[in-house]
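# Next come a sequence and a model predicted from it.
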Amino acid sequence: QVQLVESGGALVQAGGSLRLSCAVSGHTFSSYTMGWFRRQAPGKEREFVAAIRWIGGSTNYADSVKGRFTISRDNANTVYLQMNSLKPEDTAVYYCAGDRWARLRIAIRDYDYWGQGTQVTVSS
């Protein structure tokens, strides 16, 4: 069974940094694309943050995080989201997701697997 488990969420001051991790198990994700999405308020739709193609490392970012966030992966089935220069508007529940077709798309419907999310709160 495929499992994605996020960690690293915390309360941080504006201007600070956090690194989120997503541990992937139950499948070989070496041919997938892994993405990060966030939900900024209850009832609001999840929005795309970043994605990385496991083979080759091609990336895609939302305009709102370009230059501040970096997505990466290692050889141990873990995906990271390094978040720098955090702003209060980055406050959200962050979700890890997997696309088995290895696209770099931004739509929720293009991702097959999801984690439970980790809370990031940025205080002003």
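Received the coordinates, thanks.
# Can you report how many residues neighbour residue 49?
25 (other CB atoms under 10 Å). Quick note: C-beta positions are derived from backbone N, CA and C, even for glycine.
# from what I can see it touches residue 81, true?
Yes - counting by CB atoms under 8 Å, residue 49 does reach residue 81; the two are 7.1 Å apart.
# how long is stretch 11-19 from one end to the other?
12 Å (CA to CA, to the nearest Å).
# Report the buried residues of that stretch.
Using 16 or more other CB atoms under 10 Å as the test for burial, stretch 11-19 gives 12, 18.
# cool, and stretch 91-110?
91-99, 102-103, 106, 110.
# Which two among these are spaced furthest apart?
Pairwise distances across the buried residues of stretch 91-110 peak at 30.6 Å for 91 and 102 (criterion: CB to CB).
# on that earlier part again, so what sits against both of residue 49 and residue 81?
The contact sets of residue 49 and residue 81 overlap at 36, 69, 94 (CB atoms under 8 Å, 6 or more residues apart in numbering).
# Among these, which lie within strands?
36, 69, 94 (DSSP state E).
# got the residues you listed as JSON lines, with pLDDT and distance to residue 53 columns?
Below are those laid out as JSON lines (pLDDT from 0 to 100; distance: CB to CB, whole Å):
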{"residue": "36", "pLDDT": "98", "distance to residue 53": "14"}
{"residue": "69", "pLDDT": "98", "distance to residue 53": "17"}
{"residue": "94", "pLDDT": "98", "distance to residue 53": "20"}
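# Looking at those residues, which is nearest residue 10?
For these, the nearest to residue 10 is residue 94 (11.1 Å; CB to CB).
# Contact partners for that closest one?
Here residue 94 is in contact with 6, 9, 20, 36, 37, 38, 49, 81, 117, 118, 119, 120 (CB under 8 Å, 6+ apart).
# Can you spell out which residues form a bridge with it?
residue 38, residue 118 (DSSP bridges).
# Can you show me the helices along the chain?
All residues of the chain lie outside helices when identified by DSSP state H.
# give me the low-pLDDT residue ranges for it?
Across the chain, the ranges flagged by pLDDT under 70 are 28-30.
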